[in-house]
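Asker: what follows is a predicted protein model with its sequence.
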Amino acid sequence: MRYTLVLAIITLIAGCSTAPEALLFENSRVFEKSRDDVWQNLTSFFESSSIPVKSKDKEKGTLLAVRKLKRASIYANCGTSDLASVENGTLTVKISVHSLGALKTRATIDVKFFAYRQYVGVAKSRIECFSNGTLEEEILKNL
């Protein structure tokens with residue numbers, strides 16, 4: 001009986017939520033710089049940011065950074081809910097850097113964010129949020 005009541009409450013509360021919305025924004029850019037220069041700027045950005053690098057491979061041109069976030073709204077759109085909060089998210093940033101010529105380099109950024117929607121202390125559910133483009137723009141302007 002108690003399980004049924006809790007399930008009914010969660011269903012009612014979840015119905016008051018709106019889903020996250022995917023936004024269109026620039027996540028890739030070609031730079032009039034050498035691959036080495038773009039890579040150096042990329043690693044410098046992450047050394048000074050609060051997003052720790054989990055792995056990087058200069059030869060392959062890949063970098064992976066992961067950060068736990070308490071507030072999703074900094075970099076992501078997780079939808080809205082009057083009766084729930086979004087917390088304890090994980091931000092994953094994958095970046096690839098490829099040479100297109102001597103002084104042309106493309107950098108592409110892929111950001112994923114997963115968080116938990118907490119329903120008035122009763123239950124929580126894992127949700128996928130969509131990037132709002134803020135982090136991608138911040139990284140691209142520093143390359």
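Answerer: It's in.

Asker: which of the helices or strands spans the closest residue to residue 78 other than its chain neighbours?
Answerer: Excluding its sequence neighbours, the residue lying closest to residue 78 (CB to CB, 6 or more residues apart in numbering) is residue 129, at 3.9 Å. Glycine gets a C-beta too; all of them are placed from N, C-alpha and C. Here residue 129, judged by DSSP states H and E, is contained in strand 123-131.

Asker: tell me what that strand is packed against?
Answerer: helix 2-14, strand 76-77, strand 84-101, strand 104-119 (3 or more CB pairs under 8 Å, 6 or more residues apart in numbering; DSSP states H and E).

Asker: which neighbours in the sheet does that strand have, and how are they oriented?
Answerer: With DSSP bridges as the test, strand 123-131 is paired with strand 76-77 (antiparallel), strand 104-119 (antiparallel).
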